[in-house]
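K.L.:
my questions are about this predicted structure, shown below with the sequence.
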Amino acid sequence: MLSTVIIAAIFILYLGVMVAIGIKHYSKTDSLSEYILGGRKLGSWVTAMSAQASDMSGWLLIGLPGTAYVIYTGTSEAIWTAIGLFIGTYLNWLFVAKRLRKYTQVAGNAITIPDFFENRFRDHKHILRIVSGVFIVIFFLVYTSSQFAAGGKLFNTIFGMDYTIGLIVCAVIILAYTALGGFTAVCWTDTIQGTIMFFALIIVPIIAVISMGGIDDVSLRLAQLTPESLGFFPQIDGRINGLLLASALGWGLGYFGQPHILVRFMAIESPDMIHKSRVIAMIWVGITLAAAIIIGIVGKAFMPGLEDGETIYMSMINTMFNPVIAGILLIAILAAIMSTASSQLLVSASSVSRDLYATIFKKDTEGPSIVWASRLTVVIISVIAIVIAIDPDSSVFGLVSCAWGGFGSAFGPLILFALFWRRMTLPGAIAGMITGGVVDLLWYNLEGGIFDIYEIIPGFIASAAVIVIVSLCSKLPPEIAEEFDSVKTTKF
């Protein structure tokens, strides 16, 4: 009982700090640009840490270790998923970040991804803005619900709290500092949370290995649990499972279309600061992904037979550490959940208020009224996400997989072609976005044979193919080509 009270006290203190940051930045968010993009004033460290903390989410400490915990096929799937994510992260920072930062400022000073699409292709009828806004709301509802589900599992496992109540508590805290402080508050809390996640993921598997007597003893325990080698490649009937391998690597494609990550690139103070941010981000990503998988593998040896493998990180901490240390390490899960959910709520709010509400009802996109519309949107989306996540058997890995694939298919090819292909046209952009999103959703609901491959792969390919075909069959306005050329020579 005492240990639970101590952990609860640590949680309350931490949550209080996060809300205080939101209150601090409340008075600095009078305009939508400040609320949504922080006035493009982020430094290298905050950009890197915020991008990666908002990227990985509760999935990093719950979903990925839970997948790796499932010896034998789950471990290889987790390894190759991590490899795909690492490659995707690097390519996103290397090719997309700097180009997007420059282009979004040159093309009408866009503050959201739909803004960029509309300005880039001179979409005066707002078709791209509305379609992209609809996809953002659909997929972020699923994505945000995955974070709330992770929060429900956290409070249920640690405090014995009813899953639904824990889910609501987590949602209310995230809602508070997101609605109050906007983008700047979210980025600063992300930086704090990313640091906590980094050290917690390193400490837990090291202490577990030491407590079991070393690596040799861990290997022995694992060998007793399964007659097969852990294996590096996913296997089926004695051969490599190509569909599962491709699906795992396919996660890397998702990076190019994630609005909550891309908006960090847009918010950095200068494009020249991207290189430093990339180095910081890749060190963080490489170490945390490896540590999360090791937690799942080591956790199988340490605590075999868990009914829900996605609780392994929490269960190990409760067993190994005193209440004070446990409370600090468990905050890492809360940090991961909060950093991602807050970012997703913010992007959803910007899309509903600026891309749907203001466009459809022809409202002014600046000033206090639109900021309040964004804040109200955060509340509404939170409530709907809670309803989606209300099932205690919700899989964090599964929910994240669905949303990640949707964004990667609908927005990924569009972002890449918009930044690097001069010949791309408005009809190609519209057709590509709709094709990617629809193919992803249809594929997700089919199963068996080729339909077992991760839906992001057929969605991404279909979208890219349609963009090329339709663009080549439609006319390229000269002003779009001229602007594309000017971005290459623009200096900041």
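P.N.:
Received, thanks.
K.L.:
what about residue 134, neighbour count?
P.N.:
Residue crowding around residue 134 was assessed by other C-beta atoms under 10 Å; the count is 17. Heads up, the C-betas are built off the backbone N, CA and C, glycines and all.
K.L.:
what about the strands in this protein?
P.N.:
For the chain, strands defined by DSSP state E occupy the ranges 235-236, 239-240.
K.L.:
mind checking the pLDDT average for the last one?
P.N.:
So the one you mean is strand 239-240. Per-region confidence: strand 239-240 scores 72 on mean pLDDT.
K.L.:
before we move on, what about stretch 159-174?
P.N.:
For stretch 159-174, the mean pLDDT works out to 82.
K.L.:
how about the residue most central in space within the chain, what does it touch?
P.N.:
Compute the mean C-alpha point of the chain, and by C-alpha atoms, centre = their mean the closest residue is residue 55, 3.3 Å away. Residues in contact with residue 55 (C-beta atoms under 8 Å, 6 or more residues apart in numbering) are 89, 255, 258, 260, 261, 340.
K.L.:
residue 84 too?
P.N.:
Taking C-beta under 8 Å, 6+ apart as the test, what residue 84 contacts is 248, 249, 250, 251, 252, 253.
K.L.:
repeat the analysis, applying 6 Å as the threshold.
P.N.:
Contact partners of residue 84, counting by C-beta atoms under 6 Å, 6 or more residues apart in numbering, are 248, 249, 251, 252.
K.L.:
ditto for residue 252
P.N.:
When contacts are counted by C-beta under 6 Å, 6+ apart, residue 252 is found next to 84, 85, 87, 88.
K.L.:
quick check: closest non-adjacent residue to it.
P.N.:
residue 88 (2.9 Å; C-beta to C-beta, 6 or more residues apart in numbering).
K.L.:
flag the shaky bits of the stretch 151-300 of the chain, pLDDT-wise.
P.N.:
176-189, 226-238 (pLDDT under 70).
K.L.:
no no, the stretch 1-150 of the chain
P.N.:
Screening the stretch 1-150 of the chain residue by residue with the criterion pLDDT under 70, one finds the ranges 1-2, 19, 21-40, 57-58, 71-74.
K.L.:
so how far is residue 127 from the nearest residue to residue 437 once chain neighbours are set aside?
P.N.:
For residue 437, ignoring the flanking residues on the chain, the nearest one in space by C-beta to C-beta, 6+ apart is residue 410 at 3.7 Å. The gap separating residue 410 from residue 127 is 14 Å, by C-beta to C-beta, to the nearest Å.
K.L.:
out of those two, which sits in the more crowded spot?
P.N.:
For residue 410 against residue 127, the residue with the higher neighbour count under other C-beta under 10 Å is residue 410, and the figures read 30 against 18.
K.L.:
list the contacts of that one.
P.N.:
Shown here is residue 410, whose contacts under the criterion C-beta under 6 Å, 6+ apart are 135, 433, 436, 437.
K.L.:
tell me which of those fall in helices.
P.N.:
Per DSSP state H, helices hold the following members of those: 135, 433, 436, 437.
K.L.:
among the residues you listed, which one sits closest to residue 324?
P.N.:
Within the ones in helices among the contacts of residue 410, proximity to residue 324 (C-beta to C-beta) peaks at residue 135, which comes in at 44.3 Å.
K.L.:
go ahead and confirm that closest one touches residue 437.
P.N.:
Yes - distance between residue 135 and residue 437: 5.0 Å, which falls inside the contact criterion (C-beta atoms under 6 Å).
K.L.:
quick one: list the elements packing against the longest helix seen in the chain.
P.N.:
Under DSSP H, the helix in the chain containing the largest number of residues is helix 163-211. Judged by 3 or more C-beta pairs under 6 Å, 6 or more residues apart in numbering; DSSP states H and E, the packing partners of helix 163-211 are helix 2-24, helix 32-37, helix 44-56, helix 127-159, helix 274-302, helix 323-350, helix 368-388.
K.L.:
quick revisit: farthest pair in the ones in helices among the contacts of residue 410?
P.N.:
Going by C-beta to C-beta, the two entries of the ones in helices among the contacts of residue 410 that are most distant from one another are 135 and 436, at 8.9 Å.
K.L.:
circling back to that earlier point, now the ones in helices among the contacts of residue 410 in a markdown table, with distance to residue 475 and neighbour count?
P.N.:
As requested, the ones in helices among the contacts of residue 410 are exported to a markdown table (distance: C-beta to C-beta, whole Å; neighbours: other C-beta atoms under 10 Å):
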| residue | distance to residue 475 | neighbour count |
| --- | --- | --- |
| 135 | 26 | 26 |
| 433 | 19 | 25 |
| 436 | 23 | 33 |
| 437 | 25 | 24 |
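K.L.:
by pLDDT, rank those residues and give me the bottom one.
P.N.:
For the ones in helices among the contacts of residue 410, the weakest pLDDT value sits at residue 135, with 88.
K.L.:
pull out the buried members of the contacts of residue 55.
P.N.:
Buried positions within the contacts of residue 55, assessed by neighbour count (16 or more other C-beta atoms under 10 Å), are 89, 255, 258, 260, 261, 340.
K.L.:
with adjacent residues omitted, what lies nearest to the fourth one?
P.N.:
This means residue 260. Using C-beta to C-beta, 6+ apart and skipping residues adjacent in sequence, the residue nearest residue 260 is residue 343, 4.0 Å away.
K.L.:
again with the first one
P.N.:
Once flanking residues are discounted, residue 89 sits nearest to residue 285: 5.1 Å by C-beta to C-beta, 6+ apart.
K.L.:
doesn't residue 88 make contact with the one you found?
P.N.:
No - taking contacts as C-beta under 6 Å, residue 285 lies outside contact range of residue 88: 9.8 Å.
K.L.:
got the contact list for residue 388?
P.N.:
With contacts defined as C-beta under 6 Å, 6+ apart, residue 388 is in contact with residue 145.
K.L.:
show the pLDDT at it.
P.N.:
Per the predicted model, pLDDT is 81 at residue 388.
K.L.:
and the gap between it and residue 139?
P.N.:
12 Å.
K.L.:
what do you get for residue 470?
P.N.:
Counting by C-beta to C-beta, the gap from residue 470 to residue 139 is 23 Å.
K.L.:
distance to residue 14 added to the contacts of residue 84, as a markdown table?
P.N.:
A markdown table is the format used below for these (distance: C-beta to C-beta, whole Å):
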| residue | distance to residue 14 |
| --- | --- |
| 248 | 33 |
| 249 | 36 |
| 251 | 30 |
| 252 | 32 |
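K.L.:
what's the most distant pair in those?
P.N.:
248 and 252 (9.2 Å).
K.L.:
wait, doesn't residue 311 sit right on residue 158?
P.N.:
No - look at residue 311 against residue 158 with C-beta under 6 Å: they stay out of range, at 9.6 Å.
K.L.:
one step back: what's the burial count for the residue nearest to residue 252?
P.N.:
Residues lying near residue 88 (other C-beta under 10 Å) number 23.
K.L.:
ditto for residue 444
P.N.:
With other C-beta under 10 Å as criterion, residue 444 counts 18.
K.L.:
how much space separates the closest residue to it other than its chain neighbours from residue 472?
P.N.:
By the measure of C-beta to C-beta, 6+ apart, the closest residue to residue 444 outside its immediate chain neighbours is residue 455, 4.7 Å from it. Distance check for residue 455 against residue 472: by C-beta to C-beta, it reads 26 Å.
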